[in-house]
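>>> with the input below, show me the fold.
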Amino acid sequence: MKDRKKVWLSITGIVNDMENSDKDTMQFLTEGDMYRESNASCFTYLETAVSGMEGTTTTVMVEPKKVSVIRLGTVNSIMEFVSGQKNVTQVNTPYGSINMGVVTRDIDIRYNDIDEPVKVNVQYDIKLEGYTNSENTLQIEVKDYQ
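Next comes the predicted model:
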């Protein structure tokens, strides 16, 4: 995978709100680019109004034991997921900045026969002011662009 190639990304985000037991699922299909950068497989796509981040480019970097989600544009943030670790990230939006703790519970990455990630599943908690505000799941399925 030396050059960029077009792919379809099926992205599902599930948020379980711990305060009022609400569960919210957002799912969308978008086209993106896949490429290699050192030991990481990367997916890049443009956010839309569906995600509430229109004007933002998202890059997902998949490494053997780490997944990073980098957003640049109307929303700027870097979220790093490593099983069992807590990372603090700052999210910059047009409405202001917020510090957020991210505790990764589990990462599951499935690869195809040419070592490209085809399914990425990240389970994590978001902590604000020391409390677990939500339990989250990020699922990304990658298919060749046809």
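
>>> nearest residue to Q139 in space, please, no chain neighbours.
T12 (4.3 Å; C-beta to C-beta, 6 or more residues apart in numbering). The way it works is simple: take the backbone N, C-alpha and C, and place the C-beta from them, glycine included.

>>> what residue ranges in this structure score low on pLDDT?
1-2, 129-132 (pLDDT under 70).

>>> residue contacts, the residue most central in space within the chain?
When C-alpha atoms, centre = their mean is applied to the chain, the residue found nearest the centroid is V69 (4.6 Å). With C-beta atoms under 8 Å, 6 or more residues apart in numbering as the criterion, the residues that contact V69 are T58, T59, V60, S77, I78, M79, F81, L138.

>>> over to V120?
V60, V62, V67, I107, D108, I109, R110, L138, Q139, I140, V142.

>>> any idea which element it lies in?
strand 117-128 (DSSP states H and E).

>>> which parts of that strand are buried?
Within strand 117-128, the residues that qualify as buried by neighbour count (16 or more other C-beta atoms under 10 Å) are P117, V118, V120, N121, V122, Q123, Y124, D125, I126, K127.

>>> from E63, how far out is the fifth one?
Using C-beta to C-beta, to the nearest Å, V122 is found at 12 Å from E63.
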